[in-house]
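In: Quick one: sequence and predicted model below, then my questions.
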Amino acid sequence: MSMFQGHELTCIRGQRRVFAGLDFTVPAGGALILLGPNGSGKSSLLRLMAGLGRPAAGQLSWAGTPIAEDPEAHRVRLRYAGHLDCVKAVLSVRENLSFWAGQYGAAEAEAVNRGLKAFALESLADMPGQILSAGQKHRLALARLAASPGELWLLDEPTVGLDSAAQLRLTAAIAAHRETGGCVVAATHTPLDLPGAQSVNLSPYAEAARAAEARESAEPAW
């Protein structure tokens, strides 16, 4: 059974310790919600989880194997939806989805149709990305998850710009993913209806990082 874990994680960005001593476990079919105010390290943690940086201390592992030992396998299993929607302006909705599905070797026509249906984009399929509204672009970005599903979904503020109907579609897509044994980690300021989800508030870990920096700066230089 696949399990995503982090142990005693410390993150440093720009010579600033963002958080320290953080642990988490996401079992197969599980969900983890990251909470905390802006600046507490939610996005930084997601980037570490995605392998876009390495923790200053601690370890991330998948099924007991450190992800640093096989970063390519980790890239294959994860789907990361960050703040940028990454929609190509000159491509249609269908072409955008086709490109992303192709990156992961998905059966193109079936994968694209699955993504369009999951986020109610069928009527927009032939519209170019440049004329989509912000909400429509975000739905298209999230449709990549359904078009080319991976074992691990990392979502950074996934409900931003979504109306209530689109939010229901997002939670339905997450539920379907979890039913297959997939894992989800989401950073959000908006409540997500994810039954059985765990949560971790990063504020105490950010405070621990600041306290450690204060102690180090107070120590004599000799």
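Out: In hand now; what should we look at?
In: Low-confidence bits of the protein, can you list those?
Out: 1, 106-107, 217-222 (pLDDT under 70).
In: tell me the centre residue of it?
Out: For the chain, the residue sitting closest to the mean C-alpha position, by CA atoms, centre = their mean, is Leu154 at 1.6 Å.
In: For this structure, just list every one of the strands.
Out: Under the criterion DSSP state E, strands of the chain are mapped to 3-13, 16-27, 31-35, 57-62, 65-66, 78-81, 152-156, 183-187, 198-201.
In: can you tell which of the ones you listed is closest to Gly135?
Out: With CB to CB as the criterion, Gly135 lies closest to strand 78-81 of those, at 14.5 Å. Heads up, the C-betas are built off the backbone N, CA and C, glycines and all.
In: that older thread, columns distance to Ala212 on top of the strands of the chain, output as JSON lines?
Out: Output for these, formatted as JSON lines (distance: least, CB to CB, whole Å):
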{"stretch": "strand 3-13", "distance to Ala212": "9"}
{"stretch": "strand 16-27", "distance to Ala212": "6"}
{"stretch": "strand 31-35", "distance to Ala212": "21"}
{"stretch": "strand 57-62", "distance to Ala212": "11"}
{"stretch": "strand 65-66", "distance to Ala212": "24"}
{"stretch": "strand 78-81", "distance to Ala212": "28"}
{"stretch": "strand 152-156", "distance to Ala212": "26"}
{"stretch": "strand 183-187", "distance to Ala212": "23"}
{"stretch": "strand 198-201", "distance to Ala212": "18"}
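In: Mean neighbour count, these: which tops it?
Out: strand 183-187 (a mean of 25; mean count of other CB atoms under 10 Å).
In: relative orientation of that strand and strand 16-27 in degrees?
Out: Interaxial angle of strand 183-187 relative to strand 16-27 (axes from the mean of the first three to the mean of the last three CA atoms, to 10 degrees): 150 degrees.
In: Within the sheet, what are the partner strands of strand 183-187, with directions?
Out: Here strand 183-187 has these sheet partners by DSSP bridges: strand 31-35 (parallel), strand 152-156 (parallel).
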